[in-house]
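[1] Take a look and give me a structure for this.
(one chain, ligands or ions: 2)
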Amino acid sequence: MNHIKKIVLLFFSYLSLGMNSSFAAKVTIIPEPVKMEIYDGTFTIGANTRIYFDSKNPLLARHARYFTNVVASVSDVTLKTSKNRAQSQVRLLIAADKLIGDEGYHLDIDEKGITISASTDKGVFYGLQSLLQLLPVYRTNAELQLPLLKITDYPRFKWRGMMLDVSRHFFSTEAVKSYIDLMAMYKMNVFHWHLTDSEGWRLEIKKYPKLTSVGAWRKEIPGSVFYKKNQVLPIDTFSYGGFYTQEQAKDIVKYAGERNIMVVPEIEMPGHSDAAITAYPELSCTGMPQQVRSSFGGDPNALANYCAGKEDSFVFLENVLKEVMTIFPGDYIHIGGDEVNKASWKKCASCQRRMVKEGLKDEHELQSYFIKRMANFLHDKDKKLIGWDEILEGGLAAEATVMSWRGEQGGIQAAKMHHPVVMTPVNPLYFNRYQADTLSIQQPLAARYSINTLEKVYDYEPIPGALNAVEASFVLGAQGCIWTEFINSVPHLEQMALPRMLALSEVLWSPKTSKDWSRFNEKLYFHSRRLGSVGRNVFTSVPFLYHNTEVK
Ligand code: ACM
Ligand code: ZN
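    Numbers count the residues shown, from 1 in each chain. Ligands and ions are numbered 1, 2, ... in the order given. Model (predicted):
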């Protein structure tokens, strides 16, 4: 958009704000609802407002409590609960409706009050999220005036994901919950938790205590800078790491579930496994001692894989997954599968014997054998295997779900084979990458390769043109990924997620036909203020139409 157009747009939006006859906040819901009509007038939430829900439904009671707490935190109002529907002004109702499905909702605000009705408690939760976005942008002790409106809303995709890597840098349970809170505000529903990698194993496994007593800790240097291999180490190294106990992980699962978010744990195999192999060196091809990988690269023995020849590797991983399944009740287990350096397998007598015995013609087929064994194990336990798109190489396991990251080709190939797919192409859905030109806007050190701007994320279409309608139906949705090689604080994490996650939420929830970049920018201005007012760190990039405008 050129400059003149921007100014004209700004001017008209300014006028429309000024002409708004009521004092209710402008309606700026993200993701954009499927259908919305706004009327003149307001409804006021105040000291006497009562909230009704079926008290026999504990899920609704919890959602009502959640809503009441958020309202109390941004205002002077403490909603009263009531058992009398007719005498209440906020009503949470369950009524089956095929049109809106499991996650959709109706939100009606008229002069008499607010009604949210949905087929399930999930829909009620999302109706409440939309309602919360109608509250004033800043904390106020005044009564809360809401616009009169009628919304019918439901999602376009069923997998609306965000990934967080806690291996490269460890994040506390509080930080993880706060990330989950952000996801819930924008109706994202899958938290992909990257729990193990070469730089640290982060989940307690009772049968293998060294995974966390050894594998969760590495030698680190101040700052997150990648040193060249074999460079002399600075002398001021320190021990760095951390892990989640099973109780803490279960608590995260519960917390996420209360916000309609499924947690998908990732246990990396057969590569990205230096931390596990440092703890149990006998699992690698060479059995050599090694170090947990650190940001200065570390040890030349690193980048080892689990040995695919030894039965013990499979026994170990199955035992690990048995415990993982007791913590994560969701349908999916992510087994990684990406970037396997097959050099160690090529040199290993045991791996080579396995290939001969199983009739595998190369190491790609050996990787495929590895993943298929794990897939069979998981299917026997009624779990679904999901892996990065390398699991296509050498033959895809039956029923496996593919997460397409090296572009869209893996996703297209899998969908054509009628396998479920989650799209997360590095460009633009890796949110650890820069989000603006580094010459014009300063940003903390990030992964290079591409600049994944807000606009690129907003323009992303999860269904590739190469798929026909049946194939397209295998695309479950998409996901933003945050790898944390360079990210070691919550404010930094937030500025990578915000505002790009908001753009992705609109891509994944709203109808394709309602996409509108300039309206999204207008709404984003208010969301940046709302999020900023509760201490969230939102990156401000260009173009950002309302960048310097004060709202009257
Ligand atoms: C990946 O980024 N290696 C999945
Ligand atoms: Zn081997």
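
[2] Buried residues, stretch 503-520. List them.
    When burial is assessed from 16 or more other Cβ atoms under 10 Å, stretch 503-520 yields the following buried residues: 503-510, 514, 517, 520. Where you see a C-beta, it was placed from the backbone N, CA and C, and this is true even at glycine.

[3] What's the mean pLDDT across that stretch?
    Averaged across stretch 503-520, the pLDDT comes to 96.

[4] what does it contact?
    Outside of stretch 503-520, the residues within contact range by Cβ atoms under 8 Å, 6 or more residues apart in numbering are 1, 9, 30-34, 155-157, 159-160, 186-188, 429, 454-455, 457-462, 477-478, 480, 545.

[5] Those residues of this structure touching ligand 1, which are they?
    By the criterion of Cβ under 6 Å from any ligand atom, the positions of the chain lying close to ligand 1 are 338-339, 388, 405.

[6] repeat that for 8 Å
    By Cβ under 8 Å from any ligand atom, the residues of the chain that approach ligand 1 are 272, 336, 338-339, 388, 403, 405-406, 426, 430, 481, 483.

[7] circling back: quick one: which of the buried residues of stretch 503-520 is nearest to ligand 2?
    The shortest gap between ligand 2 and any of these belongs to Leu504, at 39.5 Å (Cβ to the ion).

[8] so is that closest one in a helix, a strand, or just coil?
    Three-state call for Leu504 (DSSP: H, G, I helix; E, B strand; the rest coil): helix.

[9] Could you point out which residue ranges in the stretch 151-300 of the chain have low pLDDT?
    By pLDDT under 70, the low-scoring segments of the stretch 151-300 of the chain are 223-235, 296-300.

[10] Do a quick rundown of the strands in it.
    159-165, 190-194, 196-197, 200-201, 217-220, 238-241, 262-269 (DSSP state E, counting those that start in this stretch).

[11] Any quick ChimeraX command for the buried ones out of the contacts of stretch 503-520?
    Here is the ChimeraX selection string for the buried members of the contacts of stretch 503-520, based on 16+ other Cβ under 10 Å:
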select :9,30,31,32,33,34,155,156,157,159,160,186,187,188,429,454,455,457,458,460,462,477,478,480,545
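
[12] Assign a three-state SS to Thr42, would you?
    Secondary structure assignment for Thr42 (three-state DSSP): strand.

[13] in the sheet, who's paired with it?
    Pro147 (DSSP bridges).

[14] before we move on, back to that, can I get the buried residues of stretch 503-520 in JSON lines including distance to Ser75?
    Converted to JSON lines, these look like this (distance: Cβ to Cβ, whole Å):
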{"residue": "Ala503", "distance to Ser75": "28"}
{"residue": "Leu504", "distance to Ser75": "29"}
{"residue": "Ser505", "distance to Ser75": "25"}
{"residue": "Glu506", "distance to Ser75": "27"}
{"residue": "Val507", "distance to Ser75": "31"}
{"residue": "Leu508", "distance to Ser75": "30"}
{"residue": "Trp509", "distance to Ser75": "27"}
{"residue": "Ser510", "distance to Ser75": "28"}
{"residue": "Ser514", "distance to Ser75": "30"}
{"residue": "Trp517", "distance to Ser75": "32"}
{"residue": "Phe520", "distance to Ser75": "27"}
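
[15] Return the distance of Val263 relative to Glu323.
    Distance check for Val263 against Glu323: by Cβ to Cβ, to the nearest Å, it reads 15 Å.

[16] Kindly report the same for Phe125.
    When Cβ to Cβ is the yardstick, Phe125 and Glu323 sit 30 Å from each other.

[17] Between the two, which is the more surrounded one?
    Summary of the neighbour comparison: Phe125 and Glu323, criterion other Cβ atoms under 10 Å, with Phe125 having more neighbours (25 against 16).
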